[in-house]
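**Q** Would you be able to build a 3D model of this:
(one chain, ligands or ions: 2)
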Amino acid sequence: MDRHDPLDEFDYDRARLARWRARQARDTVLSRRDFAQLAARVTAAAAGLTVATTGVTAAPARAEPPAGPILKPLPPELFTVYGSNAEMRWESMADQGLLVPADRFFVRNHTRTPVLDADTWRLRLFGTGLHGSPTAQAPIEFSYSDLLGLPAESLTAFIECAGNGRSFFTEQQQDQVSGTAWRLGAVGVAHWRGVRLATVLERAGLTRSAVDVLPQGLDPDFVSGGVNLGPVRRPLPVAKALHDVLLAYEMNGRPLPPDHGFPVRLIVPSWVGISSIKWVGQIEVSATPLFSPWNTQFYRLFGPEYPADGAPVIRQVVKSAFELAWNARLASGRTHLLRGRSWSGDGRIRHVEVSTDGGTSWRLARPISAGTDRAWQRWEFPWRPPTPGPYTLRARATDVTGATQPARTPYNTLGYLFGAVVAHPVTVT
Ligand SMILES: Nc1nc2c(c(=O)[nH]1)N[C@H]1C(S)=C(S)[C@@H](COP(=O)(O)O)O[C@H]1N2
Ligand SMILES: [Mo]
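**A** Ligands and ions are numbered 1, 2, ... in the order given. Purely as a prediction, here's the structure:
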């Protein structure tokens, strides 16, 4: 890369500022002065102005902010990048504990990561499901420090894109589907901390007639097929909203990184990733059901095996993955401790079986540590490959409801919820 390429420099500067800002927030729990200074720098940088502050590189004049859709570094050993999305490489979890560090957590952006200022950020609530039916023009507001002042709760949960595993519809079943061709890396477990959505809804004056809430992101509008569908938003029933949903401001003990929703995102445990709206700016609370393209047009199951108007996509299904590179090379004549993880949107994993012979015979994997309802189960499986050559490894989990990964997932046009056993190729040398 040419160090003096103004485009690269501009990208780098913006990403660096965003990271500096997140670190600053962590270290000082929001020093107002730093935020104000940084906000001035970011604004100036976005406008292409030169800022006379030490340590900040002069940015060239530009009409459009050119930052990439994802701000954090995406080294090829940690990620596979597809446009505005980045998939975690499973081999990068081989030396990790239960949690996925933020540096390798997958990113799914419909557009791009916005750089938001926690000082001026507000969560706005309105709608017919709140006492007095406040309007969008005169909403009930919570600032970032209001949220920090409310009782905090933590939970360890996975977020998984509904399209995780989509490429296997084509690769294993010859089904033609549309969407990002994820393998199994559009999932991650983190420790989230924030305020229960229930707490905020109650303080905002939730009525007993409320049925749906509609959280909406502050990222740019999503344009699909030339049609502007507006900000990313997806309705959530009040029952779920009150049950275990978090308005999270921390991920793994630090302020949310920009790419994962800074300053505040929803965490909707066990449900499809699209429910966990990042950069949430407003929540409509309604006494009548709400709709958005994200529950009518996308994130529905369409296909010959589903009703004409589609079936809803709500919870994630049972899945398993090996902590191995795709086409990993393993030495013959020694025992390898294969490791992996399994998870389900319906609760903890009961057991995991592994096959190293094309699915003919299966043996139980050994669980590593206790499973939890909303995270994944780690497991290991000793394997001594008999002779060199190509092999396929398979893992098949069963959850607490008795649901087991099938051999085939029914086809749906958008390729959601691929839960079938995945054949993971390796080469023994
Ligand atoms: N505002 C907003 N929220 C969003 C999205 C988005 O593009 N914009 N993507 C959703 C999707 S489809 C998924 S799978 C998760 C991904 O979360 P992550 O990027 O933190 O891994 O965020 C969800 N929340
Ligand atoms: Mo997603």
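**Q** Please tell me how far the residue nearest to the spatial centre of the chain sits from Ser275.
**A** The centre of the chain sits closest to Ile159, judged by C-alpha atoms, centre = their mean, with a distance of 4.9 Å. For Ile159, the distance to Ser275 (C-beta to C-beta, to the nearest Å) stands at 9 Å. For glycine as for every other residue, the C-beta is placed from the backbone atoms N, C-alpha and C.
**Q** same deal with Gly185?
**A** Gly185 is 19 Å from Ser275, by C-beta to C-beta.
**Q** can you check Trp362 too?
**A** From Trp362 to Ser275 the distance is 33 Å (C-beta to C-beta).
**Q** more crowded one of the two?
**A** In this view Trp362 and Ser275 are compared by other C-beta atoms under 10 Å, and Ser275 has more residues nearby, 25 against 16.
**Q** residues in contact with that one?
**A** Going by C-beta atoms under 8 Å, 6 or more residues apart in numbering, Ser275 touches 234, 236, 266, 268.
**Q** hey, what's the third one bridged with?
**A** The one in question is Leu266. Leu247 (DSSP bridges).
**Q** from what I can see it touches Ser276, true?
**A** Yes - using C-beta atoms under 8 Å, Leu266 is in contact with Ser276, at 5.0 Å.
**Q** pLDDT averaged over stretch 332-339, what's the number?
**A** Averaging pLDDT along stretch 332-339 yields 96.
**Q** Around ligand 2, which positions in the stretch 151-300 of the chain sit nearby?
**A** Proximity of the stretch 151-300 of the chain to ligand 2 (C-beta under 5 Å from the ion) is limited to residues 161, 273-274.
**Q** Going through these, which ones are buried?
**A** Burial by neighbour count, judged by 16 or more other C-beta atoms under 10 Å, picks out 161, 273-274 from those.
**Q** closest to Thr392 among those residues?
**A** Checking these against Thr392 with C-beta to C-beta, the nearest one is Cys161 at 24.1 Å.
**Q** Spit out the contact partners of the closest one.
**A** Counting by C-beta under 8 Å, 6+ apart, Cys161 has contacts 106, 108, 180, 182, 186-187, 272-274.
**Q** Just the ones in strands from those residues, please.
**A** Among the contacts of Cys161, the ones falling in strands (DSSP state E) are 108, 187.
**Q** Include distance to His424 and pLDDT when you put the contacts of Cys161 into TSV, please.
**A** Output for the contacts of Cys161, formatted as TSV (distance: C-beta to C-beta, whole Å; pLDDT from 0 to 100):
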residue	distance to His424	pLDDT
Phe106	18	98
Arg108	22	98
Thr180	20	97
Trp182	14	98
Ala186	16	98
Val187	15	98
Val272	24	98
Gly273	22	98
Ile274	26	98
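**Q** Pull out the buried residues from the contacts of Cys161.
**A** 106, 108, 180, 182, 186-187, 272-274.
**Q** In terms of helices and strands, where is Pro390?
**A** strand 389-399 (DSSP states H and E).
**Q** export that strand as PDB, just CAs?
**A** Taking C-alpha atoms only, strand 389-399 is exported to PDB below (Å, rounded to 0.1, in the frame of the first residue of the first chain):
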ATOM      1  CA  GLY A 389      -5.700 -38.600   2.100                       C
ATOM      2  CA  PRO A 390      -8.900 -36.500   2.000                       C
ATOM      3  CA  TYR A 391     -11.500 -36.800   4.700                       C
ATOM      4  CA  THR A 392     -14.700 -35.100   5.700                       C
ATOM      5  CA  LEU A 393     -15.400 -34.400   9.300                       C
ATOM      6  CA  ARG A 394     -19.000 -34.100  10.500                       C
ATOM      7  CA  ALA A 395     -20.500 -32.900  13.900                       C
ATOM      8  CA  ARG A 396     -24.100 -33.400  14.800                       C
ATOM      9  CA  ALA A 397     -25.600 -31.800  17.900                       C
ATOM     10  CA  THR A 398     -28.800 -32.500  19.700                       C
ATOM     11  CA  ASP A 399     -30.300 -29.800  21.900                       C
END
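**Q** Now Ser178: closest residue in space, sequence neighbours ignored.
**A** Computed as C-beta to C-beta, 6 or more residues apart in numbering, the closest residue to Ser178 that is not its neighbour in sequence is Leu414, at 6.2 Å.
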